[in-house]
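J.: Sequence first, then the predicted structure:
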Amino acid sequence: MMMRLRRNFVITAFLILVVVLIMAWFRLGNQFERLESLAIQGQMDNPITQSKQLTDLRGEWSYFPSQLAEDLVHAGDQNWVLVEHTWPVDPATGNAYGYATYRLTVSGLQPDQTYGIFVQDEFSAYQLSVNGQPVASNGSVARTPDSYQPRVYTDVGFFAPDASGQAILVMEIANFTRSNGGFYNAPVLGTAKTIDQYYNLHQASEVLIVAFALALGILFALLSLSMKDGRTFLMAVFLFLIAIRSLSTGIHLIQKLLPDLHLTPILVMEYASGYLLVPLAGLLLHAFEISRFPKALLWIYRVSIPGILIFTSLVPNAWLTASYSVIKIIIIPVALHTFWLIFSGIRQREKGISYVAAGFVILIIGALLEFSSFRTRYSLFVAALLFIMFLSVFVVVRLATLQSSHDRLVTEVLTDALTGLGNRVALFRQLDQWQQRRDPASLAILFCDLNRFKAVNDTHGHAVGDDLLRLTAKRLQGCVRSTDQVFRVGGDEFVILAEFKSGEDGKGLVARIKDSFSQPFAMADLVLTIGISVGMEPFIPGQEKPDAALSRSDAHMYEDKRMETATGSTGGN
C-alpha cells in the first residue's frame, strides 16, 4: 500500500513538473513581444514600438559578395537578398567558401536611446558595425583562409543612432570552414535593457538545461552501477549527450568557457552528440521492450555508434556540415518506423509502458522540429528532457513493481502462512541480528510447546487444530511486550525472543504466559482447555552461537513438560 502511494506521488509530481516545464518553454518563447517587420531594399523603418520590444532584422539587406566594408565605394554595386541568406555552392569544390558584406539602414530610432543587437553565431566569422563603429564580432573576418579565424559563440553589442535616428548596419561575414556559408541568423534589435535581458535569459536557460541534464545523467549513472541495469546506463549516456549538445550549440557556452578552443572540436561535439542521439534512442526503444525489435535494425543502431564517432572525428569540417542534409532525410523514415513500433507495442499493456511511448513520441516530435522550418531555439532540448522524464517514470513504476514483488517474496519467506507470525527463517535472522548487539539489555529465548494439542487434532480434526494455533499466536502476542517477538517454528512449537531491562528477568513473562493458557479457548460451539510448557534460556551476544542457546531453551521446555506431566497437570502432548 505504501509503495503504491509513493509511486502515485512520484507520478503526480512528475506530471506537475512536465506541465511546469512546458509552460516555461512557451513562456520563454513569448516573454518578449516582437514586431513583425521586414526590410525592403535595404531599408527598415520604425522597428521598435512601445508595445513591441524586439525586432528580427529580416528581409532584404543590401548584398555585396566577395567584398568587405572597406570595398563599399560604389552604391550602384549593390543588390538585395533575403536574410537569412545562403551562399551559392561552388560546383567545382562543393563548398560555399568566401566572404561578403551585408548592409541595412534602420530609421525611426530615438536619437537619445541606447539600443542593443543580439547576434547568434553565423557558423563562421563575422563583424557587425553600426554607423562605422564595431558593435559585435566573432572570430576574424578575412579574404583568405590563412588570416581567417572562425568562432561560434553568440555576441551582444550596443550602439546609439545618429542625430536623425538612423543606424547603418554593416555585417561582414567570412567562411572557409563549413560547406555552407551565408548570413544564417538575422540579428535581433531592441533597446539596450531589453537585449541585455533577452541574452541573459537565453544564457541562463542553456546553463539550466546543461546542469539539469548533467545532474540527471550522474543520477542515472549511479543507478546503473547499483542496479546493474542497462536501461539506466543508456539514459545516463543520453543525458550526457544532451548536455554536450547544449554546450556546443545555441549561444555556445563551450566557447565562453574555453575561449581558445578551436572550431573543429566544437563542431565535432555538436554533430557527434546530435547524431548519436538517433541510435541511442533506438537502443533505448529496444531496451524498454516496447515492441518486437528487428534484429537487423538493432545491429544497424549498434554499428552506427562507433561509425558516427569515427566519421565526426576524422572528416573535414566541410563534410561534417554537409552531412546535416543527409541526416534530415534519414530522420524521417526513422521517425515513422519508431512511431510504428510504439503504437504496435502499446498493446502489450506492460505497467508504465504508456509513459515510455509518450516519451518517444515527444522526442520524435522534437527531432522533427529540429530539422524543420518550425524549429524553436530549445525544441530538441526540451523534448529530450521530457523524453527522459517519461522514461524515468517508467523506471520508477518498474522499480516499485519489483520492490513490491521483492517485499511480497520476503514476507512469504519469513512469515508463517497459518498464523502470520515469523517462521523459523525469520527467527534465525533475528538471532543473527541479536548476535551483533552490544547494548546492556538482557536477552532471553523462550521455547513454548502446547500441551494436549495432539488430542485436539485427533478428536476434532485439523481444521479445529489450525484455528487453535491461530488463537494461540494471538494469545502469545498478548502476553509479550512491544519489544518482544513471537515466532512459530513448527507444529505447536513457538519461540519468543524477549528483551529485559537491567535487573529484570523472564520469570514474570513466563508466569503471564502460563496464566493466560490456563484459561479455556472458546471456538464456535467448542470450549477447549490446553496448557503450555515454557523453557527459558538467557542469550549473551558474541559469547555463544544462537543455536546453542535455542537448544538449551528447548531442553528446559521439555523439563517443564516432564514436571507438569509428573504432577498430572498436562495430560501429555
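T.: Looks like it arrived, so ask away.

J.: what lines up beside the helix or strand where residue 61 lies in the sheet?
T.: According to DSSP states H and E, residue 61 maps onto strand 58-65. Applying DSSP bridges, strand 58-65 is found paired with strand 38-39 (parallel), strand 79-83 (antiparallel), strand 98-107 (antiparallel).

J.: Deepest in the core, which of those is it.
T.: Mean neighbour count (mean count of other C-beta atoms under 10 Å) peaks for strand 98-107 among these, with a mean of 21. For every residue, glycine as well, the C-beta is placed using N, CA and C.

J.: Send over that strand as CSV, restricted to the C-alpha atoms.
T.: Extracted in CSV, the C-alpha atoms of strand 98-107 (Å, rounded to 0.1, in the frame of the first residue of the first chain):
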residue,chain,number,x,y,z
GLY,A,98,34.3,33.1,-49.4
TYR,A,99,33.4,36.4,-47.9
ALA,A,100,30.7,39.0,-48.3
THR,A,101,29.2,42.1,-46.8
TYR,A,102,25.5,42.9,-46.0
ARG,A,103,24.1,46.4,-45.2
LEU,A,104,20.8,47.5,-43.7
THR,A,105,19.7,51.1,-42.9
VAL,A,106,17.4,51.3,-39.9
SER,A,107,15.5,54.6,-39.4
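
J.: tell me how far that strand is from the chain's mean position?
T.: 45 Å (C-alpha atoms, centre = their mean, to the nearest Å).

J.: For residue 496, find the nearest of the strands paired with strand 58-65.
T.: Closest to residue 496 of the strands paired with strand 58-65 is strand 79-83 (C-beta to C-beta; 86.9 Å).

J.: who's in contact with the closest one?
T.: With C-beta atoms under 8 Å, 6 or more residues apart in numbering as the contact definition, strand 79-83 has outside contacts at 39, 41-42, 57-63, 102, 183, 186.

J.: what about 6 Å?
T.: If you take C-beta atoms under 6 Å, 6 or more residues apart in numbering as the criterion, strand 79-83 is touched by 41-42, 58, 60-61, 63, 183, 186.

J.: Select only the buried ones of those in ChimeraX?
T.: Those of these that count as buried under 16 or more other C-beta atoms under 10 Å are selected in ChimeraX with:
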select :42,58,60,61,63,183,186
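
J.: Show me how the record splits this structure into domains.
T.: 2-29+208-405, 46-186, 424-566 (automatic domain parsing).

J.: Quickly, which of those bottoms out on average pLDDT?
T.: If you rank those by mean pLDDT, domain 2-29+208-405 sits at the bottom with a mean of 77.

J.: Serialize the strands paired with strand 58-65 to a markdown table and add fields for distance to residue 92.
T.: Formatted as a markdown table, the strands paired with strand 58-65 follow (distance: least, C-beta to C-beta, whole Å):
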| stretch | distance to residue 92 |
| --- | --- |
| strand 38-39 | 33 |
| strand 79-83 | 23 |
| strand 98-107 | 13 |
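
J.: Quick one: closest of those strands to residue 421.
T.: Nearest of those (C-beta to C-beta): strand 79-83, 80.9 Å.

J.: can I have that closest one written out in PDB, keeping just the CAs?
T.: Extracted in PDB, the C-alpha atoms of strand 79-83 (Å, rounded to 0.1, in the frame of the first residue of the first chain):
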ATOM      1  CA  ASN A  79      21.800  44.100 -54.900                       C
ATOM      2  CA  TRP A  80      19.300  42.800 -52.300                       C
ATOM      3  CA  VAL A  81      18.900  39.300 -50.800                       C
ATOM      4  CA  LEU A  82      16.600  38.000 -48.100                       C
ATOM      5  CA  VAL A  83      18.200  37.400 -44.800                       C
END
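
J.: For the helix or strand just after that strand, enumerate the helices and strands it packs against.
T.: Once the chain leaves strand 79-83, the next helix or strand it forms, by DSSP H and E, is strand 85-86. Here strand 85-86 touches strand 182-183, going by 3 or more C-beta pairs under 6 Å, 6 or more residues apart in numbering; DSSP states H and E.
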